[in-house]
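*Asks:* Return atomic coordinates for the entry below.
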Amino acid sequence: MNSNTSLWTRFLRKVTEQDNRSGIASDQGDIVVPCEFDTIAHSTLKDESGRAVFECQRNGKLTYYDQSGNVFKPRAVKPRKYRNAKKRRKWIAAFAATLLFVVVGLSVFYVVDHFSPEPPTDDKPTNGAVPHQPIANVIKGNIIQIVAGHSHSTALMEDGTVWTWGDNLYEGTVEAYEQEDRSKPVKYDIRINQPTIAKVDIDNVKYVAAGNCTSAAIKNDGSLWTWGYNLHGALGNGIDTAVAGETFEIDSKPCKIMDKVESVSLGDSWGLALKKDGTLWAWGRNHYGTLAGKTVGVHSCEPIKIMDDVAAASAGSDHAMALKKDGTVWIWGDNYYGQQGDRFSSDEPAVKPKKIMDDAIQIFAGYRRSSIVKADGTIWTWGGVSDGGQVVRYQRAPLGDSVKVLQIGGSSARPLFLASDGMLYLWDIENDSLIKLMDSIIQASRFSDHLLVLKEDGTVWAWGDNDYSQLGDGTTEKRDELVLIYPKD
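*Replies:* Model prediction:
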């Protein structure tokens, strides 16, 4: 052991005095080894002053002494690997806590910014959404036309603007790619998909129509515009997105289809347009022969000409009706529910228009049902049977001679008609009876399971299914009677 002699002497003397023990001589020069230790050596440890610490061992027991002869108790030294792991865990925990704080903060900011109630303005819809917002809180002005689609509704305002509300899964009241619902006015360029009230990006409109997930408008200049879910070319804009493996296109901004249009009617992913020259055009889905003359199952993303000399046209869910200028009624498309007026219903669609009646002045192709008004004022209806192969009956509405019909419509089971005196009737087919719904009505609309009516005083009332807030009353509750949704200011 090559230790300094005086250092060891001082150390051992101190040890001897401290322990009150005598030492024994050794052959290590002036170094005296206390009798209670077997070995004495330098340790790798240092005291607080940075000086060497000695280790003394006896019978396997190790004791440390500093250079002053005091017992030295080294601090517990944890392995470096352990210290680093613990430090890493602390760092990770701190980072996770910070990240969680940031995420929660941003989430709260987003919810407050997008879902908190905001007062609407007359000029602009506001960003954000609140579930089940009544349309009366958002839309201002005079409504001049009201239209019921499959699960959404559309209103034409006196100033030529268009508002729509209800299911926004595909119909394109705003841009939509997700599948949820909400109803508070939003700017048109926001991509949401919830029961929504929205002002459509179009103006100078004179007529609107609504179908199943699609909407249409005719401007004052006669141009036709469509927007919504473009399955099988349902918008007629020259694009067919129903290609295997591709995402169906949703055009939320109205696109121009054609000019010089007199009227438009929309069905289930297809449509009819009557031009001012009397030509009738169709586009979209062709599962049931609605694109007359075109092979069933072959769709068209552009309008194709159907016939000439047409005075009026109506698109049902999957069948079509045309009233020619000579008063004849022509029909084609699905016949599974007896819509064609044949003796029996059939699962074979009519792929070409066929004449079924003369002396008509009005037609309506409804959901699984067809109706007409004849020149003598009588109303006839047929279809609506439960399935194919059943007997189809023509039924005449039990009207008195004093009732003059202005408008017909309705669903498969209960047609509607509006009399010249403003009374709205519901025709209970099964019991062959008329039910008076409301008076002072100027217009009514029903596509499938909800009804909208516009009264002479400018108020709007609604009735029926409301799963997507399509009634506009701010709820999703089904209404079994007409409720006021848009009071006059």
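*Asks:* Tell me where the model's unsure across the stretch 101-250 of the chain.
*Replies:* For the stretch 101-250 of the chain, the stretches with pLDDT under 70 are 102-132, 168-195, 240-250.
*Asks:* got the residue ranges for the strands in it?
*Replies:* 143-148, 152-157, 162-166, 196-199, 205-210, 214-219, 224-229, 250-258 (DSSP state E, counting those that start in this stretch).
*Asks:* what is the orientation angle of the first one with strand 162-166?
*Replies:* Looking back up the chat, that one is strand 143-148. Strand 143-148 runs at 30 degrees relative to strand 162-166, counting by axes from the mean of the first three to the mean of the last three C-alpha atoms, to 10 degrees.
*Asks:* Flag every buried residue along strand 143-148.
*Replies:* Using 16 or more other C-beta atoms under 10 Å as the test for burial, strand 143-148 gives 143, 144, 145, 146, 147, 148. Glycine gets a C-beta too; all of them are placed from N, C-alpha and C.
*Asks:* same question, stretch 326-336
*Replies:* For stretch 326-336, by 16+ other C-beta under 10 Å, it's 328, 329, 330, 331, 332, 333, 334, 335, 336.
*Asks:* got the end-to-end distance for that stretch?
*Replies:* The stretch stretch 326-336 measures 28 Å between its terminal residues, going by C-alpha to C-alpha, to the nearest Å.
*Asks:* Give me the mean pLDDT for it.
*Replies:* What stretch 326-336 shows for mean pLDDT is 94.
*Asks:* Pull the most distant pair out of the buried residues of strand 143-148.
*Replies:* The span of the buried residues of strand 143-148, defined through C-beta to C-beta, is set by 144 and 148 at 15.7 Å.
*Asks:* nearest to residue 460, of the strands of the stretch 101-250 of the chain?
*Replies:* strand 143-148 (5.8 Å).
*Asks:* partners of the closest one, with directions?
*Replies:* strand 152-157 (antiparallel) (DSSP bridges).
*Asks:* taking the buried residues of stretch 326-336 one by one, which sit in helices?
*Replies:* Of the buried residues of stretch 326-336, none are assigned to helices by DSSP state H.
*Asks:* And those residues, which is closest to residue 161?
*Replies:* The shortest approach to residue 161 among these belongs to residue 333, at 33.4 Å (C-beta to C-beta).
*Asks:* surely that closest one meets residue 317?
*Replies:* No - using C-beta atoms under 8 Å, residue 333 is not in contact with residue 317, being 9.2 Å away.
*Asks:* Where do the strands of the stretch 351-489 of the chain begin and end?
*Replies:* Using DSSP E, counting those that start in this stretch, strands in the stretch 351-489 of the chain cover 360-365, 369-374, 379-383, 395-396, 405-410, 415-419, 424-428, 433-438, 441-446, 450-455, 460-464, 479-486.
*Asks:* if we look at the first one, which residues are touching it?
*Replies:* So the one you mean is strand 360-365. Contact with strand 360-365 is made by 265, 267, 312-316, 319-323, 327-329, 331, 339, 370-375, 405, 407-410, 415, as judged by C-beta atoms under 8 Å, 6 or more residues apart in numbering.
*Asks:* run the last query once more with 7 Å
*Replies:* 312, 314-316, 319-321, 323, 327, 329, 371-375, 408-409 (C-beta atoms under 7 Å, 6 or more residues apart in numbering).
*Asks:* Same question for the longest one.
*Replies:* Contacts to strand 479-486, defined as C-beta under 7 Å, 6+ apart, come from residues 134-136, 143, 437-438, 453, 459-464, 466, 471-473.
*Asks:* Compute the inter-axis angle for the helix or strand containing residue 313 and strand 369-374.
*Replies:* Here residue 313, judged by DSSP states H and E, is contained in strand 310-315. Strand 310-315 runs at 150 degrees relative to strand 369-374, counting by the same axes, to 10 degrees.
*Asks:* How much space separates residue 146 from residue 462?
*Replies:* Residue 146 sits 9 Å away from residue 462, going by C-beta to C-beta, to the nearest Å.
*Asks:* Tell me the residues that contact both of those two, please.
*Replies:* residue 452.
*Asks:* ok, the closest residue to residue 375 other than its chain neighbours - contacts?
*Replies:* Once flanking residues are discounted, residue 375 sits nearest to residue 359: 4.6 Å by C-beta to C-beta, 6 or more residues apart in numbering. Contacts for residue 359 (C-beta under 7 Å, 6+ apart) come out as 327, 374, 375.
*Asks:* try 10 Å this time
*Replies:* Contacts for residue 359 (C-beta atoms under 10 Å, 6 or more residues apart in numbering) come out as 326, 327, 328, 329, 372, 374, 375, 376, 378.
*Asks:* Thought residue 155 was touching residue 161, still the case?
*Replies:* Yes - taking contacts as C-beta atoms under 10 Å, residue 161 lies within contact range of residue 155: 9.2 Å.
*Asks:* any common contacting residues for these two?
*Replies:* Listed as contacting both residue 161 and residue 155 by C-beta under 10 Å, 6+ apart are 139, 141.
*Asks:* Show me the domain layout of the protein.
*Replies:* Domain ranges of the chain: 5-65, 135-486, per automatic domain parsing.
*Asks:* got the phi/psi numbers for residue 52?
*Replies:* Phi and psi for residue 52, reported as degrees, to the nearest 10, are phi -70, psi 150.
*Asks:* gap between it and residue 62?
*Replies:* Distance, residue 52 to residue 62, by C-beta to C-beta: 16 Å.
*Asks:* Would you mind telling me which of the two has more residues around it?
*Replies:* Just comparing residue 52 and residue 62: by other C-beta atoms under 10 Å the higher neighbour count belongs to residue 52, 14 against 10.
*Asks:* Give the bridge partners for that one, please.
*Replies:* Using DSSP bridges, the bridge partners assigned to residue 52 are residue 46.
*Asks:* could you check the distance from it over to residue 73?
*Replies:* On the measure of C-beta to C-beta, residue 52 and residue 73 end up 16 Å apart.
*Asks:* which stretch of helix or strand covers residue 99?
*Replies:* Residue 99 belongs to helix 80-115 when elements are defined using DSSP H and E.
*Asks:* so what's residue 356 closest to, chain neighbours aside?
*Replies:* Leaving aside its chain neighbours, residue 356 sits nearest to residue 341 (4.6 Å; criterion: C-beta to C-beta, 6+ apart).
*Asks:* one step back: the buried residues of stretch 326-336 into JSON lines, with extra columns for distance to residue 229?
*Replies:* As requested, the buried residues of stretch 326-336 are exported to JSON lines (distance: C-beta to C-beta, whole Å):
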{"residue": "328", "distance to residue 229": "34"}
{"residue": "329", "distance to residue 229": "30"}
{"residue": "330", "distance to residue 229": "28"}
{"residue": "331", "distance to residue 229": "26"}
{"residue": "332", "distance to residue 229": "24"}
{"residue": "333", "distance to residue 229": "20"}
{"residue": "334", "distance to residue 229": "20"}
{"residue": "335", "distance to residue 229": "26"}
{"residue": "336", "distance to residue 229": "23"}
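*Asks:* Show me what residue 148 bridges to in the sheet.
*Replies:* Here residue 148, judged by DSSP bridges, has bridge partners residue 153.
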